[in-house]
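>>> got a sequence here, can you model it:
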Amino acid sequence: MKVLYSCLSKSWGGMEMVTLSAIKQLQKRHIHVELLCISESRIHIEANNIGMIIHPVNASGYFHPYITLRLASIIYRGEYDLIHTQASKDLWLLVPALKLLRSKIPLILTKHVGSGIIKKDRFHRWIYERLTLALAISRVIKKNLLDTCPLPENKVRLLHNGIDTEKFDPDKISGKVVRKEFNINSDEIIIGMLARFSPGKGHEEFLSAAEQLNTRYKNLKYLIVGEASRGENTYADSIKQLAEKHNLSNVIFTGYRSDTPQVIAGMDIFVFPSHSEAFGIALAEAMSMAKPSVCSNSDGVLDIAVDNETSYLFERKNADDLARKIEILINSPDIRIQFGKAARNRAVENFNLDILTDKVINIYNELSKK
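Take a look at the predicted model:
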């Protein structure tokens with residue numbers, strides 16, 4: 001089978017990482033995948049590093065007659081069995097190219113991010129009528145698709161993102177390496193979050209909770225893992241300045257880390273304070289590493305964490321509630337172990353990348369036979 005993947009994004013976050021991970025999994029199953037991406041984007045660079053065939057384009061906005069013609073040529077010469085895009089914006093290039101060719105190739109969209117815009121005008125109907133199937137990564141995204149897009153329910157399916165539970169395996173990785181790197185003693189409790197520096201990820205609430213907890217505990221360290229997204233360096237600087245303003249000397253900003261399993265392994269408590277998350281790959285990875293967590297009670301988080309079983313859920317944007325829930329785990333080593341075991345089991349059973357890749361391939365086979 002030969003598939004054209006599309007991810008026309010300049011950023012480097014969950015969607016882009018999931019895209020590359022999915023491509024790698026398909027390649028392992030001997031499915032030939034080529035990638036349409038923005039020239040010189042991070043995903044272009046990362047995809048090039050794994051030696052796959054790439055079709056880079058320079059496209060911003062929605063209408064690109066020349067690129068549409070070029071894409072039509074790529075599709076015609078590529079003889080793909082199926083096209084799978086990771087962003088709805090990409091449809092504005094893919095659909096005109098397919099219609100120009102009068103091609104019947106199945107077209108799939110995986111929807112990673114919700115939209116507040118109603119897309120049921122005649123232009124969007126023209127685009128979405130060509131879509132064969134939309135995959136929603138969480139229940140909230142499925143509802144958003146049906147509410148905002150001109151799609152019947154039989155064209156929308158729920159399919160969670162997957163994580164590599166073999167890579168994120170607590171039995172294979174020690175947290176001592178990260179503790180040693182940052183000179184953190186064995187009796188200190190590490191509370192961590194992993195997210196790009198972007199408004200709405202909950203950095204402010206995390207720091208506010210840290211400030212409160214520091215008044216009651218002297219054995220805490222905080223790891224904030226991640227880097228600024230494209231064009232968001234000012235926001236990242238403001239978060240670091242906020243930590244300085246409140247004298248949070250026990251907060252460590254690690255920057256971008258490629259050794260995510262090792263970093264998570266070093267944590268005792270994982271915090272996921274995002275205001276609105278379609279899914280939450282970092283949370284699923286932390287659960288796979290058997291980490292107890294405190295998470296905001298909103299959106300796609302509810303597909304992943306289970307309150308009082310794998311995690312404590314706190315009221316979204318409420319730093320006081322976040323601090324209270326973290327404090328329960330600080331004081332309860334037994335609950336941390338109990339939640340961690342349940343989290344690992346849930347991650348393996350529900351978000352295992354191999355199982356979800358099988359489901360994707362089954363969908364491919366189903367659609368390509370029609």
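>>> pull out the buried residues from stretch 350-369.
Buried residues in stretch 350-369, defined by neighbour count with 16 or more other Cβ atoms under 10 Å: 350-353, 356-357, 360, 363-364, 367. C-betas here are computed from N, CA, C, even on glycine.
>>> my bad, should have said stretch 167-174
168-170, 173.
>>> before we move on, what about stretch 216-227?
Neighbour-count burial for stretch 216-227 [16+ other Cβ under 10 Å]: 220-227.
>>> then stretch 142-158?
So stretch 142-158, judged by 16+ other Cβ under 10 Å, has buried residues 142, 144-146, 148-151, 155-156.
>>> got it, and stretch 244-252?
Residues of stretch 244-252 classed as buried by neighbour count (16+ other Cβ under 10 Å): 248, 250-252.
>>> nearest to residue 274 among the buried residues of stretch 142-158?
Set against residue 274, the nearest of the buried residues of stretch 142-158 by Cβ to Cβ is residue 144 (16.2 Å).
>>> who are the contact partners of that closest one?
By Cβ atoms under 8 Å, 6 or more residues apart in numbering, residue 144 lies in contact with 111, 114-115, 136.
>>> again, only this time at 10 Å
111, 113-116, 136, 138, 278, 299 (Cβ atoms under 10 Å, 6 or more residues apart in numbering).
>>> low-scoring stretches of the stretch 251-370 of the chain, by residue?
Scanning the stretch 251-370 of the chain for pLDDT under 70 picks out 370.
>>> would you list every one of the helices in it?
Ranges of helices in the stretch 251-370 of the chain, per DSSP state H, counting those that start in this stretch, are 260-265, 281-288, 301-304, 319-330, 333-350, 353-368.
>>> got the buried residues for the longest one?
In other words, helix 333-350. By 16+ other Cβ under 10 Å, the buried positions in helix 333-350 come out as 336, 339-340, 342-344, 346-348, 350.
>>> of the residues you listed, closest to residue 4?
Set against residue 4, the nearest of those by Cβ to Cβ is residue 350 (28.8 Å).
>>> element containing the closest residue to the closest one other than its chain neighbours?
Spatially, and ignoring its direct neighbours in sequence, residue 350 is nearest to residue 160 (6.9 Å; Cβ to Cβ, 6 or more residues apart in numbering). Residue 160 belongs to no helix or strand when assigned by DSSP states H and E.
>>> surely residue 160 is in contact with residue 136?
Yes: counting by Cβ atoms under 10 Å, residue 160 does reach residue 136; the two are 9.1 Å apart.
>>> what is in contact with the two at once?
Shared contacts of residue 160 and residue 136 (Cβ under 10 Å, 6+ apart): 279, 300.
>>> compare the two (neighbour count), which wins?
Comparing residue 160 with residue 136 by other Cβ atoms under 10 Å, the one with more neighbours is residue 136, at 25 against 19.
>>> ok, back up a step: from the buried residues of stretch 244-252, which land in strands?
Among the buried residues of stretch 244-252, the members falling in strands (DSSP state E) are 251-252.
>>> tabulate the buried residues of stretch 244-252 (TSV), appending distance to residue 16.
Listed next are the buried residues of stretch 244-252 as TSV, based on distance: Cβ to Cβ, whole Å:
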residue	distance to residue 16
248	30
250	32
251	27
252	25
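>>> which one of the buried residues of stretch 244-252 is nearest to residue 331?
Looking across these and measuring by Cβ to Cβ, the closest to residue 331 is residue 250, at 18.2 Å.
>>> for the closest residue in space to the closest one that isn't next to it in sequence, which residues are in contact?
Ranked by Cβ to Cβ, 6+ apart and with sequence neighbours excluded, the top spatial neighbour of residue 250 is residue 221, at 5.2 Å. Residue 221 is in contact with 179, 182-185, 188-192, 210, 250-252, 266-268, counting by Cβ under 10 Å, 6+ apart.
>>> go again using 6 Å as the cut-off
184, 188, 190, 250 (Cβ atoms under 6 Å, 6 or more residues apart in numbering).
>>> circling back to that earlier point, in TSV: the buried residues of stretch 216-227, plus secondary structure and pLDDT.
Formatted as TSV, the buried residues of stretch 216-227 follow (DSSP: H, G, I helix; E, B strand; the rest coil; pLDDT from 0 to 100):
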residue	secondary structure	pLDDT
220	strand	98
221	strand	98
222	strand	98
223	strand	98
224	strand	97
225	strand	96
226	coil	93
227	coil	90
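>>> how about TSV for these, with distance to residue 198 added?
Formatted as TSV, the buried residues of stretch 216-227 follow (distance: Cβ to Cβ, whole Å):
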residue	distance to residue 198
220	25
221	24
222	19
223	18
224	13
225	14
226	9
227	10
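>>> and the two most separated of these?
Most distant of the buried residues of stretch 216-227, by Cβ to Cβ, are 220 and 227, 23.6 Å apart.
>>> sorry, back to before: just the buried residues of stretch 216-227 now: which is nearest residue 237?
For these, the minimum distance to residue 237 (Cβ to Cβ) is 12.1 Å, reached by residue 227.
>>> does the closest residue to residue 271 other than its chain neighbours count as helix, strand or coil?
Once flanking residues are discounted, residue 271 sits nearest to residue 193: 4.6 Å by Cβ to Cβ, 6+ apart. When classified by DSSP: H, G, I helix; E, B strand; the rest coil, residue 193 comes out as strand.
>>> residue ranges with poor pLDDT in the stretch 101-250 of the chain?
For the stretch 101-250 of the chain (pLDDT under 70), the answer is none.
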